[in-house]
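Visitor: heads up, no residue letters with this:
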Ligand SMILES: Nc1ncnc2c1ncn2[C@@H]1O[C@H](COP(=O)(O)OS(=O)(=O)O)[C@@H](OP(=O)(O)O)[C@H]1O
Ligand SMILES: Nc1ncnc2c1ncn2[C@@H]1O[C@H](COP(=O)(O)OP(=O)(O)O)[C@@H](O)[C@H]1O
């Protein structure tokens, strides 16, 4: 959509100044994976660790955002695309505000994730594939949604009747069948330390 008659205003406090004050970089940890794979659990576990280490941190979670900002969107491919586009824009604002933002959205389409990556600067988009077999996700079924989907009560359910496109070259893959919650969160924090982002 064309942006006409709108002028960009530079902020009086820059991101660089915020980063310097916070004593850390700001970036996005983009958790992607099937429902029940552990995105939300891990995003929150990592955020807690970062918070306790005095970092500015915030979690954007699929279910919560769909209650508010994106409560006009469903689960068609077009709506999921718009969901991810908006979350990408919100994430970018958080990065500008100096935060390490963790997002927990299925974000099933590669193209949509790629668009968010392109929205951000190099190195600011850290894609974390929360790997977990459909079988295990279905066993966990923390919200009873797989059962409903199998019964035909939820159309276009990811992994059952709607696709999930695995990341081809994510920054990090964390398997939640092979790692405990704590172990997986540690892997992520270690990765960030290794990249000197913390
Ligand atoms: N049809 C269908 N498919 C997948 N998921 C569904 C569906 N209907 C409702 N839910 C619930 O919505 C959560 C996924 O929302 P997201 O915003 O992450 O989805 S997406 O990225 O736009 O695909 C998802 O949350 P998580 O389990 O945390 O992934 C489900 O609880
Ligand atoms: N290693 C693990 N990592 C993350 N979650 C795990 C793990 N093992 C078991 N779980 C459980 O699996 C469920 C994952 O749910 P959730 O974090 O809401 O997933 P998602 O956000 O991907 O839908 C939670 O009930 C969590 O306690």
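Guide: Looks like it arrived, so ask away. These figures come from a predicted structure and were not determined experimentally. Ligands and ions are numbered 1, 2, ... in the order given.

Visitor: Do me a favour and get the backbone dihedrals for residue 182.
Guide: The phi/psi pair for residue 182 (degrees, to the nearest 10) reads phi -60, psi -40.

Visitor: And residue 29, by the same measure?
Guide: The phi/psi pair for residue 29 (degrees, to the nearest 10) is phi -100, psi 110.

Visitor: any idea which element the closest residue to it other than its chain neighbours lies in?
Guide: Of all residues not flanking residue 29 in the chain, residue 102 sits nearest, at 4.4 Å (CB to CB, 6 or more residues apart in numbering). Bear in mind the C-beta positions are built from the backbone N, C-alpha and C, glycine included. Using DSSP states H and E, residue 102 maps to strand 100-104.

Visitor: One more: residue 185?
Guide: helix 181-194.

Visitor: How about that helix, which residues are buried there?
Guide: 184-185, 187-188, 191-192 (16 or more other CB atoms under 10 Å).

Visitor: what do you get for stretch 71-87?
Guide: 73, 75, 80-81, 83-84, 87.

Visitor: near ligand 1, from these?
Guide: Restricting those to those within reach of ligand 1 (CB under 6 Å from any ligand atom) leaves 75, 80, 83-84.
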